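> take a look and give me a structure for this.
(chains A, B, C and D)
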2 protein chains.
Amino acid sequence: MSSPPGFELPLRLLLGFRVIIDELHAELARRGHPGMKPMYGFACQAIGRGGGVTAVELGRAMGVSKQAAGKTIDQLEKLGYVERATDPADARRKIVQLTARGVESLTLSEQIFDQIRARWAETLGADRVRAMEEDLRRMTPPDPFQLDMPRWFGTF
Amino acid sequence: MSSPPGFELPLRLLLGFRVIIDELHAELARRGHPGMKPMYGFACQAIGRGGGVTAVELGRAMGVSKQAAGKTIDQLEKLGYVERATDPADARRKIVQLTARGVESLTLSEQIFDQIRARWAETLGADRVRAMEEDLRRMTPPDPFQLDMPRWFGTF
DNA sequence: TAGAGTTAGACAACGTTGTTGTCCATATAG
DNA sequence: CTATATGGACAACAACGTTGTCTAACTCTA
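A predicted model of the protein is given here:
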């Protein structure tokens, strides 16, 4: 009747995240997006389908400096997922927007995430998955995007 | 009655991990281990209280190269958490062992993890936490240690 | 309207954590 | 005894982050 050691919970949370993200990217690669990486995916999600964002805004949304955001944007631009356009109303601002391919990758990711969740629900039961989400929502901050993982994990 | 979008689950899993690890390190810092970082903690855990390991073994256990493991050991040595000794039976091998301080940090971490888990159980109910662990155990690989996070998240 | 302050982006220098590749010393096997 | 494998050190480099500095452009106010 004893509980597992306390360190198992965070380990399993991380492993769960990793399993899902690995599966997502394996499927994305299979469906024409082999260059997509977890970080790029988060960035695309943060850029979104709306009117576009600037490097400063993206950095703020992801919890990193504008320079770091700018480098990520450079990569995504090179891969054809985003494009930059100068704001007609403010010559300083460069608006970053998803390209058609970028939107496609986002849509595809959402479908794949839903499929993965459905398989979890098949294995564990829909109510258990829902309970897990609910419990995690209670224990984590509401703000969904604070994904400065490399820095966080590296230097704390 | 619709399910949340599929991407919420992995996001919450990551956030949950992060919340717990952040809390652990805040508490560790408060109790005399301000230099401890997530990665160091994982390395200490992998080194363990046993007879010590070599850089090659540690690298294998953590899924990184022996050079990377060696660099982490350098850091931990500088912080006073481990010490190296040459194997009397094999002059090539340098055995890495936790110092008293290293063991203390490990023991402290275990206590803190247990406390965090107890608080989750208070908030969510013991059975819900147990269910979460059980479900995650079913959906993740049994091998607990494969913590090459920076590389994995960065370059995939 | 002119000047001061703020903001966006680019560029450079650097830190951390990884990677490969090379090399030497030591063990082990044929 | 020699050939091979292994452990560790060192160097060069890649990826992703940081801070600092500079310039261009906007905005506010005297």
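
> which bits of chain A sit near DNA strand C?
Applying Cβ under 7 Å from any atom of the strand, we find that chain A lies next to DNA strand C at A:54-56, A:66-67, A:70, A:84, A:92-95, A:154-155. Every C-beta, even on glycine, is put in place using the N, C-alpha and C of the backbone.

> what's the burial count for the closest residue to DNA strand C within chain A?
Of all residues in chain A, A:T54 sits closest to DNA strand C, at 3.3 Å by Cβ to the nearest atom of the strand. Neighbour count of A:T54, defined by other Cβ atoms under 10 Å in any protein chain shown: 20.

> OK, contacts around it?
Residues near A:T54 by Cβ atoms under 8 Å, 6 or more residues apart in numbering or on different chains: A:87, A:93-96.

> for chain A, longest helix please?
helix A:100-124 (DSSP state H).

> just the buried residues of that helix, please?
Residues A:102, A:105-106, A:108-109, A:112-113, A:116-117, A:120, A:124 are the ones in helix A:100-124 that count as buried (16 or more other Cβ atoms under 10 Å in any protein chain shown).

> re the thing from before, out of the residues of chain A next to DNA strand C, which are close to DNA strand D?
A:67, A:92.

> for ChimeraX, write a command that selects the buried ones of the residues of chain A next to DNA strand C.
Here is the ChimeraX command that picks out the buried ones among those, judged by 16+ other Cβ under 10 Å:
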select /A:54,55,70,93,94,95
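
> show only the entries of the residues of chain A next to DNA strand C found in strands.
Members of these lying in strands (criterion: DSSP state E): A:84, A:92-95.

> I'd like the residues you listed as CSV, with pLDDT appended.
CSV is the format used below for those (pLDDT from 0 to 100):
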residue, pLDDT
A:R84, 94
A:R92, 94
A:R93, 95
A:K94, 95
A:I95, 96
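
> could the residues you listed go into TSV alongside distance to chain B?
Formatted as TSV, these follow (distance: Cβ to the nearest Cβ, whole Å):
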residue	distance to chain B
A:R84	23
A:R92	30
A:R93	28
A:K94	25
A:I95	24
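
> any idea which element the spatially most central residue of chain A lies in?
With distances taken as Cα atoms, centre = their mean, A:F42 lies nearest the centre of chain A, 2.6 Å away. Using DSSP states H and E, the element containing A:F42 is helix A:38-47.

> what about that helix, average pLDDT?
Mean pLDDT, computed over helix A:38-47, is 90.

> what is that helix packed up against?
Applying 3 or more Cβ pairs under 8 Å, 6 or more residues apart in numbering or on different chains; DSSP states H and E, one finds that helix A:38-47 contacts helix A:8-30, helix A:55-62, helix A:66-78, strand A:90-98, helix A:100-124, helix B:149-155.

> looking at those, which is closest to B:E8?
helix A:100-124 (8.5 Å; Cβ to Cβ).

> quick one: contacts of that closest one?
Against helix A:100-124 from outside (Cβ under 8 Å, 6+ apart): A:20, A:23-24, A:27-28, A:31, A:33, A:36, A:41, A:44-45, A:47, A:49, A:76, A:80-82, A:98, A:128-129, A:132, B:3, B:5-7, B:9-10, B:135, B:138-139.

> could the helices and strands packed on helix A:38-47 go into CSV alongside distance to B:R60?
Formatted as CSV, the helices and strands packed on helix A:38-47 follow (distance: least, Cβ to Cβ, whole Å):
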stretch, distance to B:R60
helix A:8-30, 18
helix A:55-62, 33
helix A:66-78, 31
strand A:90-98, 41
helix A:100-124, 30
helix B:149-155, 15
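
> compare those and say which comes out lowest on pLDDT.
Minimum mean pLDDT among the helices and strands packed on helix A:38-47: helix B:149-155, a mean of 56.

> on that earlier part again, pull the most distant pair out of the ones in strands among the residues of chain A next to DNA strand C.
Taking Cβ to Cβ, no two of these sit farther apart than A:R84 and A:R92, at 12.7 Å.

> is stretch A:127-147 anywhere near chain B?
Yes. Counting by Cβ under 8 Å from any Cβ of the partner chain, chain B is contacted by stretch A:127-147 at A:128-133, A:135-141, A:144, A:146-147.

> which residues are contacting that stretch?
A:39, A:42, A:45-46, A:61-63, A:117, A:120-121, A:124, B:3-4, B:8-9, B:11-16, B:18-19, B:120, B:123-124, B:128-129, B:131-132, B:135-136.
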